[in-house]
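Q: Predicted model and sequence below, questions to follow.
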Amino acid sequence: MPSYFELRTFGYAFYPYLRPYENHKLAFRSKQYIFIGYSNQQKGYRCLNYSTTRVFISKHVVFDENTFPNLDRCQSSTSHTGNQFIGMSSLPLSFPLPSTVPNLNVLPVASCSELIPQTIILPEHSTLPVPDILTLPEHSVSPTTEPALPVTSPLPTNNLQINIPTDTHSKPSPISPIEILTRSKTGKIKAKEFPGFKTFFATRHPLCVFSSIIIESEPRCLTKAVTKLEWRTTMSCEFDALMANETWSLCPRPLNKRVIRNKWVYKIKIHPDGHAERYKARLVAKGFDQISGIDYYDTFSPVVKSTTIRLVLALAVSLNWNIKQLDVSNAFLHGILDEEVYMEQPKGYEDDNFPEHVCRLHKSLYGLKQAPKAWFQRLSQQLIGFGFLESKMDYSLFTYITNTIRIFVLVYVDDIIITGSNREAIHHFIDKLKT
């Protein structure tokens, strides 16, 4: 059952933090969205973009309870669409009804939206039967259930105006758009030139124009990547690493299971001078094909708090302890999946003997919803097996305390900070992690 706050703020405009959803850093940090509730899978508000009908989930929002954009759009759409309903204020009458006229029901716009009203001035003390379109009895289903009721009492003495539809077939002529002639249509666009700009920065800051050294661009698809030897080599190395890690096993395609897709992602690592250092290819699962409750359940992975990091580093500096920082290579590939997940075979590396088989995933891949949680669960189990204790105040802090040894481990996804009083014990622990 929704809470009082959710019922009170449902539909209000608010501004969520959209930086994780944007492609570049110059995009808008926030826009006006509509609050439609809370997410069931993760902590955050559900934000609706009315124009694109996309729903985002954001944890940091600012409510604006003075605006209701959904109401304004509904009122504008009601006056233009033919399948909505209008109230008494939108009926073709421009005066309050006398007490002798029966109550009028709410009329669908489809019955009178295409009619052109015409204003008629009535003299005083004149009687006029109300048209059939306005005399629907109360709780009636169709206009033909009961006949129209005439008005026999005289109308007020003042001149009245009644909008009566006269033509049921004529429609207003559409307005033709105005043709605007721009420079892009005439082809008179000239590129802006800045003489001496490249020469100035090349002579003083050579690293500022290193992007001009790299002529090659990163491929977007497999067909372009296989044309170069470097990409074929790094893709083969990535595939061999996945097979050595026993990430999946081939099986016939299940009939009642969802099979997710995958893609190859390519990245060029660049030296400070602008030349290519190495080529990197990674197989990524398309996690947006997964369904909550079927392909995954929990996705949340705790990360160490900034307060904990400052406290442990301050303790290490004051006691002159050794500090080590580790970065786990392909961390998400070590997580073990508890769910039954199937994936298509990687493009370009299909098995010739079983081309119709699919991959039954045993370990997580980049792109899966539960990949961060699976990796943290695998790491925490190993640390507890080594004798570490998980802190109750911060689940990403692990401690190993004896009479002579004190070791603290901080985990932030795949980045690990290790500090302690015994340097030999720290190196021995790192050797255990490598295994």
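A: Thanks, I have it.
Q: show me the contacts for Pro302.
A: 376, 394-396 (CB atoms under 8 Å, 6 or more residues apart in numbering). C-beta coordinates here come from the backbone N, C-alpha and C atoms, glycine included.
Q: Among these, list the two that are farthest apart in space.
A: With distances taken as CB to CB, the most widely separated pair in the contacts of Pro302 is Phe376 and Asp394, at 13.1 Å.
Q: What ranges does the stretch 301-435 of the chain have for its strands?
A: 322-327, 336-343, 358-363, 389-390, 397-401, 406-412, 415-420 (DSSP state E, counting those that start in this stretch).
Q: JSON lines please, covering those strands and showing mean neighbour count and mean pLDDT.
A: Formatted as JSON lines, these follow (neighbours: other CB atoms under 10 Å; pLDDT from 0 to 100):
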{"stretch": "strand 322-327", "mean neighbour count": "13", "mean pLDDT": "92"}
{"stretch": "strand 336-343", "mean neighbour count": "17", "mean pLDDT": "92"}
{"stretch": "strand 358-363", "mean neighbour count": "19", "mean pLDDT": "94"}
{"stretch": "strand 389-390", "mean neighbour count": "14", "mean pLDDT": "94"}
{"stretch": "strand 397-401", "mean neighbour count": "18", "mean pLDDT": "95"}
{"stretch": "strand 406-412", "mean neighbour count": "21", "mean pLDDT": "94"}
{"stretch": "strand 415-420", "mean neighbour count": "20", "mean pLDDT": "94"}
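Q: With distance to Glu218 added, can I get those in CSV?
A: Output for these, formatted as CSV (distance: least, CB to CB, whole Å):
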stretch, distance to Glu218
strand 322-327, 23
strand 336-343, 24
strand 358-363, 26
strand 389-390, 40
strand 397-401, 38
strand 406-412, 27
strand 415-420, 25
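Q: Next, count neighbours for Ser58.
A: Per other CB atoms under 10 Å, the neighbour tally for Ser58 reads 20.
Q: My guess is it contacts Tyr45. True?
A: Yes. Counting by CB atoms under 8 Å, Ser58 does reach Tyr45; the two are 5.9 Å apart.
Q: quick one: common contacting residues for the two?
A: Pro16.
Q: so how far is Arg378 from Val328?
A: Separation of Val328 from Arg378 (CB to CB, to the nearest Å): 11 Å.
Q: Ser380 touches Glu390, doesn't it?
A: Yes. Contact status for Ser380 versus Glu390: in contact at 6.5 Å, counting by CB under 8 Å.
Q: so what's in contact with those two at the same time?
A: Phe398.
Q: Ala241 reaches Asn330, doesn't it?
A: Yes. Ala241 lies in contact with Asn330 (CB under 8 Å); the separation is 7.2 Å.
Q: Look up how far Ala281 lies from Met238.
A: You called it Met, but residue 238 is Glu. 5 Å.
Q: More neighbours: the two, which one.
A: Shown here are Glu238 and Ala281; by other CB under 10 Å, Ala281 has more neighbours (21 against 18).
Q: tell me the pLDDT at the more buried one?
A: Looking at Ala281, its pLDDT stands at 92.
Q: what's across from it in the sheet?
A: Tyr266 (DSSP bridges).
Q: For it, which residues are in contact?
A: Going by CB under 8 Å, 6+ apart, Ala281 touches 225, 231, 234-235, 238, 264-267.
Q: ok, it to Thr247 distance?
A: 15 Å.
Q: For Lys324, which non-adjacent residue is spatially closest?
A: Nearest residue to Lys324, sequence neighbours excluded (CB to CB, 6 or more residues apart in numbering): Ile418, at 4.4 Å.
Q: The one you found contacts Tyr400, correct?
A: No. Counting by CB under 8 Å, Ile418 stays clear of Tyr400, with 10.1 Å between them.
Q: got any residues that touch both of the two?
A: 407, 409, 429.
Q: Low-confidence regions, the stretch 51-200 of the chain specifically.
A: 70-179, 184, 188-200 (pLDDT under 70).
Q: swap the cut-off to 80 and go again
A: 65-200 (pLDDT under 80).
Q: how would you label Arg220: helix, strand or coil?
A: Three-state call for Arg220 (DSSP: H, G, I helix; E, B strand; the rest coil): coil.
Q: Give me the pLDDT for it.
A: With respect to pLDDT, Arg220 has a value of 87.
Q: now do the one 4 residues further on
A: Looking at Lys224, its pLDDT reads 89.
Q: cool, the one 5 residues further on as well?
A: In this model, Leu229 is scored at 91, pLDDT.
Q: hmm, back to that, with the contacts of Ala281 in mind, which one is nearest to Gly37?
A: The nearest one, if we look at the contacts of Ala281 relative to Gly37 and count by CB to CB, is Val265, at 33.0 Å.
Q: Tally up the residues packed near that closest one, please.
A: A count of nearby residues for Val265, using other CB under 10 Å, gives 15.
Q: Val284 is in contact with that one, correct?
A: Yes. Val265 lies in contact with Val284 (CB under 8 Å); the separation is 5.1 Å.
Q: What segments of the chain are helices?
A: Secondary structure of the chain (DSSP state H): helices located at 4-9, 69-78, 183-186, 197-204, 222-225, 229-244, 306-318, 371-385, 423-434.
Q: okay, these, which one's buried deepest?
A: The highest mean neighbour count among these, using mean count of other CB atoms under 10 Å, belongs to helix 371-385: a mean of 18.
Q: check contacts around Pro69.
A: 13, 32, 34, 50.
Q: switch to 10 Å and redo it
A: By CB atoms under 10 Å, 6 or more residues apart in numbering, the contact list for Pro69 reads 11-13, 32-34, 48, 50.
Q: Now which of the residues you listed would you call buried?
A: 12-13, 33-34, 48 (16 or more other CB atoms under 10 Å).
Q: will you turn the residues you listed into TSV that also has pLDDT and distance to Gly293?
A: Listed next are these as TSV, based on pLDDT from 0 to 100; distance: CB to CB, whole Å:
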residue	pLDDT	distance to Gly293
Tyr12	74	29
Ala13	79	31
Tyr33	87	26
Ile34	87	26
Leu48	87	22
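Q: And the closest residue to Lys59 other than its chain neighbours, how far from Arg29?
A: Leaving aside its sequence neighbours, Lys59 sits nearest to Gly44 (CB to CB, 6+ apart; 4.4 Å). Distance, Gly44 to Arg29, by CB to CB: 16 Å.
Q: Thanks again, I'm all set now.
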